[in-house]
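In: A predicted structure for the sequence below; I have some questions about it.
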Amino acid sequence: MSDSIQSIAIPEEVVMSKIYIIRNEKVMLDRDLAELYGVETKYLKRQVKRNMIRFPEDFMFELTDREFKDWRSQFVTTNEDKMGLRYAPYAFTEDGVAQLSTVLSSERAIKVNIQIIRLFSKLRRLAISHHDIILKLEELEKGGSEQDKKIDLIFEYIKQIEHAKHQESDQVNRRIIGFKSQKE
């Protein structure tokens, strides 16, 4: 495969801004994918509908009316955008985005697809590394509480020793009371 097909000039930040969490899944919406691929949303949807067998529910799903309303209220602000969103969009998981390359075969679609898949992989690696870090911190915290107990015990011993020294010095410096002999 040539280098021209493997690279594309869309910044990662732009692609990442089009990844949403819906139903606890990282997804991209049909209109955003269509924009990135340089095709109309209706063309992308038509290609998907013609090939529905390639898109099981874990690859793609249509937003429910509630999800659609929530999404629209959070992300869509201009009248122009609202006019383009009369129907609930399709949401594509990482596998669904990969599958889109089988129904959209333009060079731009291939380039964008490669970039998106790389970005999803990068996000997965980051999530795994963050998970490892969280596990290490929890391990340290558990171990830390044992260390904290030991440190607290050491300070308690030091306080007891200090208290004993203080009592001893008080005993030495205290005034003697009681019977006094004539020699004193």
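Out: Alright, I've got the coordinates.

In: Just the element for the closest residue to residue 12 other than its chain neighbours, please.
Out: Excluding the flanking residues, the one nearest residue 12 by Cβ to Cβ, 6 or more residues apart in numbering is residue 119, at 6.0 Å. Where you see a C-beta, it was placed from the backbone N, CA and C, and this is true even at glycine. Assigned by DSSP states H and E, residue 119 falls within helix 107-173.

In: helices or strands up against that helix?
Out: Under the contact definition 3 or more Cβ pairs under 8 Å, 6 or more residues apart in numbering; DSSP states H and E, helix 107-173 sits against helix 3-6, helix 12-16, strand 19-22, strand 25-29, helix 30-37, helix 94-103.

In: Now do the residue nearest to residue 12 against residue 101, distance only.
Out: Distance of residue 119 to residue 101, given as Cβ to Cβ, to the nearest Å: 14 Å.

In: How far away from the center of its chain is stretch 54-65?
Out: Its chain's C-alpha centre and that of stretch 54-65 lie 22 Å apart, by Cα atoms, centre = their mean, to the nearest Å.

In: Could you tell me the end-to-end distance of it?
Out: The first residue of stretch 54-65 is 24 Å away from its last residue (Cα to Cα, to the nearest Å).

In: Equivalent analysis for stretch 18-38, please.
Out: This stretch, stretch 18-38, spans 15 Å end to end (Cα to Cα).

In: from here on, count from 541
Out: OK, 541 is where the count begins now, so the last one is stretch 558-578.

In: Mean confidence (pLDDT) on it, please.
Out: Confidence for stretch 558-578, expressed as mean pLDDT, is 88.

In: Kindly report the same for stretch 676-690.
Out: On average, the pLDDT along stretch 676-690 is 70.
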